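Visitor: kindly return the folded structure for what I paste below:
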Amino acid sequence: MADLQARAIEIGKDLAELGAIAVWFFLLALVVKKGKAIADARAAAEQTRINFIIMAVDGLLISPLIALMIATLVGLLHRQGVGLIPDGAWKAMGGVATGAIAIFVADFVGYWRHRGQHLPWLWPAHSVHHSDTHLTWFSLSRMHPVDRVGTAMDVVVMAALGFPAWAVSIAVMVRHFYGYFVHADLPWSFGPVGYVVNPPIAHRWHHAREVKGSGANFATVFSVFDRAFGTWYAPGPCDVPLGVSHDMGKGAIGQFVYPFRAWGRAIAAQMRSRNQATSGSSAGGIG
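Guide: Okay, here's the model as predicted:
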């Protein structure tokens, strides 16, 4: 009973936080886009509904399981004494420097993890996040449970590198809230600052449908990683269609089911190909 009450309180806090963020981004949209902000919000209503359902399922069912998974894996690392950098190094460096390095390294880890999510076998789960055709700050909440597990591994990697728990928490928080920002429909490039910090237009190109930009701009906070590894693409404001070209199914249920359908089709295709190759080889041997 106490666990249920604690969970209810936690959900209440999350909803209050979400409401405050929603008000902030709506006011920002009014300033930036003026009257167009309301029209854009109406156009995005169906996608927002799907995002809310996915977020609710995540909050009630998925997040507790992922938190348990992270706690178990991180606890195992600590018990085994795994940590590339000893605690003493962070103490000598000081809190501010440790926190800043944690944010930078976490974004580096997230960059490579995100690139991995675009590989063929992980893409079906990640494509759920990309299926939002009206990108808004709330699109960050559209994540398939399988994709959430992959994203959560960032924390485990940071723990394995030896970062203190408080620094990992700061890095997660900064990247999470900055993730809301880069998903928002804001036409900002940041000028020279964009050479270091990721601007919203860059991530909008990342969500473009079937164009070069959809395979670029994987970092959340720092654009330096995409620039360094050849995945930067932001030729200007992104005015091309967003989302994915394949059919994800209907509504939120379709989003949850789609990856399993895609993986099933891929496995079946591989098995048919293997059977055909075997049959052809046997026929060749008999002849």
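Visitor: from now on I want contacts and neighbour counts done on CA atoms only, so please keep to that.
Guide: Fine.
Visitor: with adjacent residues omitted, what lies nearest to residue 178?
Guide: In space, and not counting its chain neighbours, residue 178 is closest to residue 221: 6.7 Å by Cα to Cα, 6 or more residues apart in numbering.
Visitor: ok, that neighbour to residue 38 distance?
Guide: As for residue 221, its distance to residue 38 is 28 Å (criterion: Cα to Cα, to the nearest Å).
Visitor: so between those two, which is more surrounded?
Guide: Neighbour totals were compared for residue 221 and residue 38, and residue 221 leads with 26 against 14 (other Cα atoms under 10 Å).
Visitor: for that one, give me phi and psi.
Guide: Residue 221 has phi and psi values of phi -100, psi -50 when expressed as degrees, to the nearest 10.
Visitor: thinking it is in contact with residue 198, fair?
Guide: Yes: counting by Cα atoms under 8 Å, residue 221 touches residue 198, with 5.2 Å between them.
Visitor: give me the phi and psi angles of residue 197.
Guide: For residue 197, the backbone dihedrals (degrees, to the nearest 10) come out as phi -100, psi 140.
Visitor: run through the residues that contact it.
Guide: 190, 221-224 (Cα atoms under 8 Å, 6 or more residues apart in numbering).
Visitor: could you find the closest non-adjacent residue to residue 200?
Guide: That would be residue 182: by Cα to Cα, 6+ apart, it lies 4.2 Å from residue 200.
Visitor: if we can go back for a sec, between the contacts of residue 197, which sits nearest residue 129?
Guide: Distance to residue 129 across these (Cα to Cα) is lowest for residue 221, with 18.0 Å.
Visitor: who's in contact with that closest one?
Guide: Applying Cα under 8 Å, 6+ apart, the residues near residue 221 are 107, 175, 178-179, 197-198.
Visitor: what's the closest of those to residue 262?
Guide: residue 179 (27.1 Å).
Visitor: what's the local residue count around the residue nearest to that closest one when sequence neighbours are not counted?
Guide: Computed as Cα to Cα, 6+ apart, the closest residue to residue 179 that is not its neighbour in sequence is residue 220, at 6.2 Å. If you count neighbours by other Cα under 10 Å, residue 220 ends up with 29.
Visitor: equivalent analysis for residue 36, please.
Guide: For residue 36, using other Cα under 10 Å, the count is 12.
Visitor: also residue 204?
Guide: Neighbour tally, residue 204, other Cα under 10 Å: 26.
Visitor: can you tell me how far it is from residue 135?
Guide: Separation of residue 204 from residue 135 (Cα to Cα): 8 Å.
Visitor: what is in contact with those two at once?
Guide: Counting by Cα under 8 Å, 6+ apart, the residues touching both residue 204 and residue 135 are 183, 185.
Visitor: what about residue 170, neighbour count?
Guide: Neighbour tally, residue 170, other Cα under 10 Å: 15.
Visitor: contacting residues around it?
Guide: So residue 170 contacts 99, 102-103 (Cα under 8 Å, 6+ apart).
Visitor: out of those, which comes closest to residue 266?
Guide: residue 103 (36.9 Å).
Visitor: list the helices and strands the one helix or strand in the chain whose mean pLDDT sits lowest packs on?
Guide: Least confident element among the helices and strands of the chain, by mean pLDDT, DSSP states H and E: helix 2-33 (a mean of 81). The contact analysis (3 or more Cα pairs under 8 Å, 6 or more residues apart in numbering; DSSP states H and E) places helix 2-33 against helix 36-43.
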